[in-house]
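**Q** Provided below for reference: sequence and predicted model.
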Amino acid sequence: MDIIPTSLKIVLYIIIFLYGVVIGSFVNVCICRIPRGESIVKVRSHCENCGYQLRWYDLIPLFSYLALGGKCRKCRERISVQHLVIEVLNGCLYILIFSVCNISVESLLYCLAGSALLALAIIDFKTYEIPLGFNIFIGVLGIARVITDYTNWLEYVIGFVAVSGFLYLLFLLSKGRAIGGGDIKLMAACGLLLGWKLIILAFLFGCIVGAVTHVIRMRVSGEDHVLAMGPYLAIGVMVAALWGNTFLTWYLGSLI
């Protein structure tokens, strides 16, 4: 976006942020309903306390929450601040992705993948399960990535098994005690999206962040030894997607 005038760039970033906020609203729906087994398309949005069916003006992302003071219009029960945080976080994520990758197909794919990773990270953190639908969705994005960068198709195919194959072997040897099936599928789908170099980097970074964070949580809040890897793998994937190539170029250059 360097060649775009500053005024136009600001407008563009505002549009990208608002688009991210809208998608973030849907991410909230997924986070709230999927663990409960509710439909994300058939069931109308409603207050979880009184059952009030939300009107269209109650569903304007970001603005409705602020206008209502974070409370239900009917029963005045407080609405979880998670709704606001996820919408803003998703909007900021979209701005970050476009600022790093510029206007490209890659940015669009990473934005959609980022929203899916955000949703599955929170669900896995709460339930220790990664819904299969998210992995399928990211896998479809991976197929789109292969098509749009078909000259490097082998890199993505290898990426599909580079980490997931290792994790599957670990799964078999430990009889499912060391790693979850959802994590294996996640690394396969993300490997197809990123390619083998970046998915290995994503996995290593996710493991480091997960190990350090979980040790701190165990000491501070008394968390048990059970670790939900989804959130940390999601962080690793996004970091590798945005800065992985820069890091690899720097690292390989330092070896010469």
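**A** Everything's here; your move. Numbers count the residues shown, from 1 in each chain.

**Q** hey, let's count contacts and neighbours off CA atoms from now on
**A** Will do.

**Q** point to the residue nearest the middle of this structure.
**A** Nearest residue to the geometric centre of the chain (Cα atoms, centre = their mean): residue 117, 1.8 Å.

**Q** what strand or helix carries that one?
**A** Assessed by DSSP states H and E, residue 117 sits inside helix 105-127.

**Q** with adjacent residues omitted, what lies nearest to residue 49?
**A** The shortest distance from residue 49 to any non-neighbouring residue, by Cα to Cα, 6 or more residues apart in numbering, is to residue 77 (7.0 Å).

**Q** is it true that that neighbour touches residue 68?
**A** No: judged on Cα atoms under 8 Å, residue 77 makes no contact with residue 68 at a distance of 10.7 Å.

**Q** if I've got this straight, residue 178 is in a strand?
**A** No: following the definition DSSP: H, G, I helix; E, B strand; the rest coil, residue 178 is coil and is not counted among the residues of a strand.

**Q** separation between it and residue 229?
**A** Note on residue 178: its distance to residue 229, by Cα to Cα, to the nearest Å, is 11 Å.

**Q** the two: who's more crowded?
**A** Ranked by neighbour count (other Cα atoms under 10 Å), residue 178 and residue 229 place residue 229 first, with 24 against 12.

**Q** does the more buried one touch residue 182 like I think?
**A** No: with the criterion set as Cα under 8 Å, residue 229 and residue 182 do not qualify as a contacting pair; they are 9.5 Å apart.

**Q** can you pull the contacts of residue 44?
**A** Listed by Cα atoms under 8 Å, 6 or more residues apart in numbering, the contact set of residue 44 reads 53-54.

**Q** separation between residue 144 and residue 96?
**A** Using Cα to Cα, one gets 21 Å for the distance from residue 144 to residue 96.
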